[in-house]
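> what's the 3D shape of this:
(2 chains)
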Amino acid sequence: MKNSVEIFELLKEKFGDSVISLEKDAPTEPIIICAPLEIHKISTFLRDNEELKFDSLMCLSGVDDANGSKTKDADGLETISGGTLSVYYHLHSVELNHKITIKVTTDRENPQVESVENIWKCADWHEREAFDMFGFNFLNHPDLRRILMPYDWEAGYPLRKDYKNPEFYQGMKVPY
Amino acid sequence: MALKTETMVLNMGPQHPSTHGVLRLELEIEGEVIKKVTPHLGYLHRCFEKHAEAMQYNQVVPYTDRLDYLAAMGNNFGYVLATEKLLGIQVPERVEYIRVIMAELQRIASHMVAIGTNGVDIGAFTPFLYLFRDREYVLTIFEETCGARMLYNYMWIGGLSHDIHPDFVRKTKEFVKYFKNTIVEVDNLLSYNKIFIERTANVGVLPADTAINFGASGPVLRGSGVKFDLRRDDPYSIYDRFSFDIPVGLGLQGTVGDSWDRYYVRMREMEQSIRIIEQAIDQIPEGDVQSAIPKRIKPPKGTSYARVENPRGDLGFFIISDGNTNPFRVKVRAPSFVNLEVFGELCKGHLVADVIAILGSIDIVLGEVDR
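Numbers count the residues shown, from 1 in each chain, chains lettered A, B, ... in the order given. Reported below is the predicted structural model:
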């Protein structure tokens, strides 16, 4: 069993600049921040290393950080430009019984993150959901299409903070 | 001379009694044999996560009821745990005990539906009626406590909406005593029934390593022989005070991890829930169940992730607070959603009729899959 500082130091030693920092201010659980385009390598290490053995991905969540510049239109609806989107990975090792949260932050206009689908298979649908709701482009994901919204939904990504309801969907009025 | 063959695509659902809700399965079949299953979800999507961002923390609780509507107590439990972690609230002992008893009663009620409908799908109607009759008992206990039969809004952040009513302890004890006989009855009617075993044993075998890699949890994981239960391995609330066993699939009628094993784990889990209730019911301390409810809920900036062992598996809530009265982001890690992912693997090479038996043994609730 290892605590977050030990895990962070192990990763820092192995991956250098790809592992950016460790946040551990209460009430937040410790979060290790990594580079979005190195996450596949880091995840493989996290799963296969004898001292870590993170064999289960508990949860993968996309988040809109909403930290770009905000402009309001006539109806008071916000549009956000710039800023970042984040993905949180909650990992757990069943065998060694320790947990860690990994966070990657990516550009909001062109959100690219490496897929971890072939490391933890359950990431498949979680990543599809994050794509569906936030528009992440998970590189190397085998089947990245919408999962909860209709396949032909064209009005953007609903869980982004500046999402606006479309007026029509396939000729049907949306706000009922 | 080899005959030219081609596969056929068959749509099962969205309106189909055995999909337990609105789920569409696209089956690619060759004759009767399944080549590939593609589930299409989203028919019940109602934007829980977006709604939660527009609500205050306490207003989200009723929405969590509607995720897994057969186990609403468990959903409340997960959400309030995550929020209390963020706020740093320690709830009174009395609340902890009542929460655990309620969660275990709910587990029994939920497993009753799972077992009953699994039987109905395959053709055993009688056990279903017996179980639904007895489920009324539990639902009546809940109704007398908080006024609702299925969607309770019972666990609040820092406490409970109502104290237990004076008859609660007597009625619960009565139910527990009575229900032990029902378990024996269902075992005789269904578990060891030759037809039921023929339909479920060796069908949809899920090996342990696949189950872990796919993130399966709850009875689906334990049916594959993995002894992992959050109540013991990552204890929350006061579960570490009770002694109970974790039933796992042993392959008694076929292979470890088949549909019968998943079914059987649920049967045995109900017995363990009874054990927990029996230990907890006499120890409920006195106290005020609303004393720790904060007047104004405004957590500091930060994130929290809490998970509970729901009847269907590991239910996680990830909450991000930006220091406001509304959550910045609520993410639900729904056990049914993750368990359904493995379903495609289980069906490969089986017959069309087995799809129903396998889906019943995974026990999904679409309200939770689609959120």
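
> C-alpha only now, for contacts and for neighbours.
OK.

> Residue B:142 reaches residue B:151, doesn't it?
No: applying CA atoms under 8 Å, one finds residue B:142 not in contact with residue B:151, separated by 9.9 Å.

> where does chain A have low pLDDT?
Within chain A, the stretches with pLDDT under 70 are A:26-27, A:176.

> In three-state terms, label the residue in it positioned nearest to chain B for me.
Per CA to the nearest CA, the residue of chain A with the smallest distance to chain B is residue A:148, at 4.1 Å. Three-state secondary structure (criterion: DSSP: H, G, I helix; E, B strand; the rest coil) places residue A:148 in coil.

> Specify the local secondary structure of the closest residue to it other than its chain neighbours.
Spatial nearest neighbour of residue A:148, excluding adjacent residues (CA to CA, 6 or more residues apart in numbering or on different chains): residue B:42 at 4.1 Å. With three-state DSSP as the basis, residue B:42 sits in coil.

> Kindly provide the distance from residue B:42 to residue A:150.
Per CA to CA, to the nearest Å, residue B:42 is found 7 Å from residue A:150.

> likewise residue B:129?
Distance of residue B:129 to residue A:150, computed by CA to CA: 37 Å.

> hang on, the earlier thing: got the phi and psi for the residue of chain A closest to chain B?
phi -100, psi -40 (degrees, to the nearest 10).

> Name the residues of chain A found near chain B, please.
Residues of chain A lying near chain B by CA under 8 Å from any CA of the partner chain: A:26-29, A:55-59, A:61, A:63, A:94, A:97, A:120-122, A:125, A:147-150, A:158-159.

> Tell me the helices and strands packed up against the helix or strand hosting residue A:63.
Assessed by DSSP states H and E, residue A:63 sits inside strand A:56-64. Secondary-structure packing of strand A:56-64 (3 or more CA pairs under 8 Å, 6 or more residues apart in numbering or on different chains; DSSP states H and E): strand A:84-92, helix A:123-134, strand B:329-333.

> and with 6 Å instead?
In this structure, strand A:56-64 makes packing contacts with strand A:84-92, judged by 3 or more CA pairs under 6 Å, 6 or more residues apart in numbering or on different chains; DSSP states H and E.

> what lines up beside the strand it packs on in the sheet?
Note on strand A:84-92: by DSSP bridges, its sheet partners are strand A:56-64 (antiparallel), strand A:99-107 (antiparallel).

> Run through who's touching stretch B:136-151.
Applying CA atoms under 6 Å, 6 or more residues apart in numbering or on different chains, the external contacts of stretch B:136-151 come out as B:65, B:72, B:164, B:165.

> What would that stretch look like as PDB? C-alpha coordinates only.
Listed next in PDB are the C-alpha coordinates belonging to stretch B:136-151 (Å, rounded to 0.1, in the frame of the first residue of the first chain):
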ATOM      1  CA  GLU B 136     -44.500  -5.400  -0.300                       C
ATOM      2  CA  TYR B 137     -43.500  -6.000   3.300                       C
ATOM      3  CA  VAL B 138     -40.200  -4.100   2.800                       C
ATOM      4  CA  LEU B 139     -41.900  -1.300   0.800                       C
ATOM      5  CA  THR B 140     -44.500  -1.000   3.600                       C
ATOM      6  CA  ILE B 141     -41.800  -0.500   6.200                       C
ATOM      7  CA  PHE B 142     -40.300   2.200   4.000                       C
ATOM      8  CA  GLU B 143     -43.700   3.800   3.400                       C
ATOM      9  CA  GLU B 144     -44.400   4.000   7.100                       C
ATOM     10  CA  THR B 145     -41.000   5.500   7.700                       C
ATOM     11  CA  CYS B 146     -40.800   8.200   5.000                       C
ATOM     12  CA  GLY B 147     -44.100   8.100   3.100                       C
ATOM     13  CA  ALA B 148     -42.800   6.800  -0.200                       C
ATOM     14  CA  ARG B 149     -42.700   3.300  -1.500                       C
ATOM     15  CA  MET B 150     -40.000   3.600  -4.100                       C
ATOM     16  CA  LEU B 151     -38.500   7.000  -4.400                       C
END
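
> buried set for it?
B:137, B:138, B:139, B:141, B:142, B:143, B:145, B:146, B:147, B:149, B:150, B:151 (16 or more other CA atoms under 10 Å in any protein chain shown).

> so who does the residue of chain B found nearest chain A touch?
Nearest residue of chain B to chain A, counting by CA to the nearest CA: residue B:42, 4.1 Å away. Shown in contact with residue B:42 (CA under 6 Å, 6+ apart): A:148, A:149, B:370.
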